[in-house]
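Novice: how would this look folded up:
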Amino acid sequence: MSFAETQSILIVEPAMNVNLVACDEGHPIGSLLLICNTNTVSPVGESGLKVVFHGVRGSTACHDPHTHRYGGNTSCVSVKPPNEAPIIFDLGTGLRYLNASQNETEIVPFVGTCLLTHLHWDHIQGLPFFKSLLCEETVLEIYAPRQEDGRSLREIFLKKICPPIFPISLSEFKATINFYEVGDDDFMIGNTKVTSRFVPHTGPTLGYRITAANSTVTYLSDHQQPVTGFSLTTGARQICQGTDLLIHDSQYTPAEFEIKSDWGHSTLEFAMWVAETTSAKRLALFHHDPSRTDDALDVIARRLAGVAKNRGFEVFAAADGMTLEVSGVV
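Specialist: Coordinates of the predicted model:
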């Protein structure tokens with residue numbers, strides 16, 4: 001595959017079983033006078049794909065007693081193929097907890113890839129707080145949708161992460177960050193096949209499907225449901241069909257969608273329909289509305305679990321810190 005444009009920033013001055021685990025607390029980026037641990041994490045030899053949810057909220061982060069259990073961080077999910085570098089879906093506030101050390105004076109280098117769905121704030125605002133960017137051994141490859149106005153990803157990010165919006169500019173971090181602009185493409189990251197397809201949302205937005213170790217994960221975090229009736233674009237259907245795990249936008253109830261039908265998102269019912277019609281094996285309800293409480297999500301998850309069982313797939317509500325092992329081998 002040939003990319004329309006590759007942008008690089010070399011920074012030289014001053015980052016099938018479901019098991020719930022405690023969320024790694026991590027630490028915010030504080031003083032720049034931190035010691036970098038130059039020992040990168042060695043690949044772990046799993047049989048399938050290890051999926052960790054670091055942020056599951058949509059639109060804006062929310063941290064209060066009513067959202068504590070499912071978490072309030074915005075979109076960020078990591079996938080670890082066997083013996084390969086990790087792949088991150090989106091760079092929301094949950095990114096702050098990825099690769100974090102329990103020692104706040106230590107920075108752990110990160111070498112891996114991000115598949116970014118789009119450039120809305122809730123999907124990128126974790127990037128400048130990703131502590132590994134303070135380490136020169138860190139290499140982050142960011143794939144994101146090419147923009148309709150022709151602006152490069154490098155240009156956009158340099159203008160978003162800079163004073164006075166943020167205390168320092170992206171060019172002051174020590175890490176190496178490479179940008180790749182993609183659209184309806186198929187490409188390889190190591191031994192992992194990536195399928196990217198444009199999907200309906202507000203602004204250029206991609207959904208992704210990754211295939212490795214005989215397993216597939218599909219990520220459709222922001223997906224505009226049709227205003228009337230249920231249907232799928234060809235691209236969305238391609239990345240969802242027969243996937244082992246479908247992580248799908250489920251921000252609204254039907255009543256909420258009536259008021260916000262053009263806001264670029266899906267209802268819980270539409271997410272269920274997508275999973276059923278594309279024969280997905282498991283559905284992770286994702287991009288929870290910031291007003292959705294833990295108790296409300298409990299009720300939703302219980303109700304839809306019974307419905308999904310009768311339709312031939314499993315469903316659960318994703319939560320910050322949740323870890324899954326995804327395997328397509330029965």
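Novice: Check the burial of the closest residue to residue 137 other than its chain neighbours by counting its neighbours.
Specialist: Distances taken as CB to CB, 6 or more residues apart in numbering put residue 109 closest to residue 137, at 3.9 Å, once the chain neighbours are dropped. From N, CA and C alone the C-beta is placed, and that goes for glycine too. Per other CB atoms under 10 Å, the neighbour tally for residue 109 reads 21.
Novice: got it, and the one 3 residues further on?
Specialist: The local packing count at residue 112 equals 22, with neighbours defined by other CB under 10 Å.
Novice: Check residue 163 too.
Specialist: With neighbours defined by other CB under 10 Å, the count for residue 163 comes to 9.
Novice: For the helix ranked longest in the chain, what is the distance to the chain centroid?
Specialist: Scanning the chain for the longest helix, with DSSP state H as the assignment, gives helix 294-311. Averaged C-alpha coordinates place helix 294-311 at 23 Å from its chain's average position (CA atoms, centre = their mean, to the nearest Å).
Novice: Would you agree residue 315 falls within a helix?
Specialist: No - counting by DSSP: H, G, I helix; E, B strand; the rest coil, residue 315 is not part of a helix but strand.
Novice: before we move on, back to that, for the longest helix of the chain, buried residues please.
Specialist: Using 16 or more other CB atoms under 10 Å as the test for burial, helix 294-311 gives 294, 296-297, 300-301, 304, 308, 311.
Novice: returning to what we had before: against residue 75, how distant is the residue nearest to residue 137?
Specialist: Look at residue 109 and residue 75: by CB to CB, to the nearest Å, they are 23 Å apart.
Novice: swap in residue 205?
Specialist: Taken as CB to CB, the span from residue 205 to residue 75 is 12 Å.
Novice: Show me which of the two is the more surrounded one.
Specialist: Using other CB under 10 Å as the criterion, residue 205 and residue 75 rank with residue 75 on top: 32 against 24.
Novice: wouldn't that one be in contact with residue 89 here?
Specialist: Yes - the criterion here is CB atoms under 8 Å, and residue 75 meets it with residue 89 at 7.3 Å.
Novice: Can you check which residues contact both of those two?
Specialist: Shared contacts of residue 75 and residue 89 (CB atoms under 8 Å, 6 or more residues apart in numbering): 117, 221.
Novice: what sits against the spatially closest residue to residue 99 that is not a sequence neighbour?
Specialist: Once flanking residues are discounted, residue 99 sits nearest to residue 110: 4.8 Å by CB to CB, 6+ apart. By CB under 8 Å, 6+ apart, the contact set of residue 110 is 15, 40, 86, 98-99, 130, 132, 135, 138-140, 175.
Novice: How about residue 285: what's its closest non-neighbour residue?
Specialist: residue 250 (4.1 Å).
Novice: For that neighbour, give me its contacts.
Specialist: Residue 250 sits next to 266-268, 270-271, 285-288 when contact means CB under 8 Å, 6+ apart.
Novice: farthest pair in the residues you listed?
Specialist: Spatial extent of the contacts of residue 250 (CB to CB) is set by the pair 270 and 288 at 14.7 Å.
Novice: Name the residue in these two with the higher neighbour count.
Specialist: Using other CB under 10 Å as the criterion, residue 270 and residue 288 rank with residue 288 on top: 28 against 23.
Novice: Pretty sure residue 122 is one of the things residue 91 touches, is it not?
Specialist: No - checked against CB under 8 Å, the pair residue 91 and residue 122 is beyond contact range at 9.8 Å.
Novice: Comparing those two, which shows the higher neighbour count?
Specialist: Set residue 91 next to residue 122 and count neighbours by other CB under 10 Å: residue 91 wins out with 30 against 24.
Novice: can you pull up the bridge partners for the residue nearest the centre of the chain?
Specialist: With the centre of the chain defined as its mean C-alpha position, the nearest residue by CA atoms, centre = their mean is residue 89, 2.9 Å away. Judged by DSSP bridges, the bridge partners of residue 89 are residue 77, residue 115.
Novice: nearest spatial neighbour of residue 319, skipping sequence neighbours?
Specialist: residue 70 (4.4 Å).
Novice: ok, now which ones touch the residue nearest to residue 118 when sequence neighbours are not counted?
Specialist: Residue nearest to residue 118 in three dimensions, not counting chain neighbours: residue 205, with 4.1 Å by CB to CB, 6+ apart. Residue 205 makes contact with 117-118, 145, 198-199, 222, 264, according to CB under 8 Å, 6+ apart.
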